[in-house]
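Engineer: Pasted the sequence and its predicted model underneath.
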Amino acid sequence: MMGLCFLVEIAWGVIPCAIGYIEYIIDPEAEIEEKGKYFGLAMWLPENVNKSPNYELMHIFHFIAVYTVVSNITGCYMTMFVLAFHTTTLFKVLCAAFEDVDFFVNSLQLDPPENDPNKFINTSHTWKF
C-alpha cells in the first residue's frame, strides 16, 4: 500500500512539476494561459502562479496537499483491510472450532480407563493437571 501511496505522490506531485519545467526549457518565452495546467488537485491559485518563485512555492504546497490526501485515503483503506482481515480470521477460528466439536464431545463421553483412580469422578467439570 505504501508503494501505491508513493506512486500516486510521484504521479500527482512530481510529474506535473517536471512537465512544467520541461515546457519552460523548450520554450521560455511562451505564455501559459491556463493557471492550473500543471497541478493535479483543484486549488485556488494566484494570477501569477506560472512565474517564479510562485510556481515553486505552489508546487511545494501542492505536494504537501497531495501527500495529505493520499496518506489519509491510504490510512482509511489500511484500517478497513485490517478490520476485514481480523474478522475473517475470527470466522476461520470459529469454523475450526465447529469442525472439532465432534471430537471434543466424543473425548468427554469416553469411559475412563480401568486403572484410572479417578474413574468414578465426573471429569466433565474437573481439571486434570
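Structural biologist: Sure, I can see it.

Engineer: Spatially nearest residue to F39 (excluding sequence neighbours)?
Structural biologist: H62 (5.4 Å; Cβ to Cβ, 6 or more residues apart in numbering). All C-beta spots, glycine's among them, are computed from the backbone N, C-alpha and C.

Engineer: Quick check: that neighbour touching L41?
Structural biologist: Yes. Counting by Cβ atoms under 8 Å, L41 is a contact partner of H62 at 6.4 Å.

Engineer: residues near the closest residue to N50 other than its chain neighbours, how many?
Structural biologist: The shortest distance from N50 to any residue other than its chain neighbours is 4.8 Å, reached at I32 (Cβ to Cβ, 6+ apart). Counted by other Cβ atoms under 10 Å, the residues lying close to I32 total 14.

Engineer: same question, V93
Structural biologist: Neighbour count for V93, taken as other Cβ under 10 Å: 10.

Engineer: Give the helix, strand or coil label for it.
Structural biologist: Three-state call for V93 (DSSP: H, G, I helix; E, B strand; the rest coil): helix.

Engineer: same question, N48
Structural biologist: coil.

Engineer: List phi and psi for it.
Structural biologist: phi -100, psi 40 (degrees, to the nearest 10).

Engineer: again with S52
Structural biologist: Comment: the main-chain dihedrals of S52 come out as phi -80, psi 140, following degrees, to the nearest 10.
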